[in-house]
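Asks: can't give you the sequence, but here's the structure:
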């Protein structure tokens, strides 16, 4: 796989999606009138898109629906000593067609919080980027600086 | 035994304590489109300090209101917490003790930036206890 100018491995789209599928919680970042906000959500990947549930009238629903969002997951693989992150950019749209809702209802998506969450939101990716790198020994930095 | 999930608001002092328990957070900047990137950080006085290597980012982001998020979730108990810092992004003050500041990421000389903490908010989710589908059994 490709390496960027900082020496990080660039993850291709298929690898990014595989990484996303291995996670349950991600963070949804939005920009509302130039103010940033972020919401941790539990999610699933369905046919290449990120899907999560929300309830009517919530801050989350108001903040994300119809907007361009950035969805992030990150983590560390303790076995390989590698850190990784994936960011999905796209528009958050509410599923409305009946067949979409029926399909979404079959997704293994169980909200962690028990408040009723009747709406399904889907982020169809415009761009998916991911990076992976070996965690540097802190001494690398002091030596270089 | 079953129990519904419950959401608690965290006071700023608790948020600050939790902020100091982690070393990876996510920097969110707004604009035409939101941007989010994970960074290693430390808390020094009233600042969240981190390194960046993107000089382009420094020019574009300095002086702006940003958000910084730290969290921890447990998939088995479906519980976790999230703390959000809001504040303005600055170059690190020259007298700031950034000795503890390193970064996992490879690539060249880094530049220290800080977020001057203006507000701290946080939530804690205590997960539901459902029917114990996958609970270990037969040991007692």
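Replies: Nice, I can see it. Values in this document were obtained by computation on a predicted structure and should not be read as measured data.

Asks: could you pull out the strands for chain B?
Replies: All strands of chain B, identified by DSSP state E, fall at B:6-10, B:24-29, B:35-44, B:47-52, B:65-74, B:79-91, B:111-126.

Asks: Identify whichever of those strands lies nearest to residue A:12.
Replies: Closest to residue A:12 of the strands of chain B, according to CB to CB: strand B:35-44, at 19.2 Å. For every residue, glycine as well, the C-beta is placed using N, CA and C.

Asks: tell me which residues form a beta bridge with residue B:82?
Replies: For residue B:82, the beta-bridge assignment (DSSP bridges) gives partners residue B:71, residue B:123.

Asks: where does chain B have its least confident helix or strand?
Replies: The least trusted helix or strand in chain B, going by mean pLDDT, DSSP states H and E, turns out to be helix B:55-61, with a mean of 61.

Asks: C-terminal to the helix or strand hosting residue A:99, what's the next element?
Replies: Using DSSP states H and E, residue A:99 falls within helix A:98-105. Using DSSP H and E, the helix or strand that follows helix A:98-105 in sequence is strand A:119-134.

Asks: Just to check, residue A:52 is in contact with residue A:40?
Replies: No: counting by CB atoms under 8 Å, residue A:52 sits too far from residue A:40 to count as a contact (10.2 Å).

Asks: pLDDT below threshold where in chain B?
Replies: Along chain B, the model assigns pLDDT under 70 to residues B:1, B:54-61, B:98-99, B:107-109, B:131-140.

Asks: make it 80
Replies: Scanning chain B for pLDDT under 80 picks out B:1-3, B:53-62, B:97-110, B:129-140.

Asks: Centre-most residue in it?
Replies: residue B:70 (2.0 Å; CA atoms, centre = their mean).

Asks: Where do the helices of chain A begin and end?
Replies: A:13-21, A:59-64, A:98-105, A:138-144 (DSSP state H).
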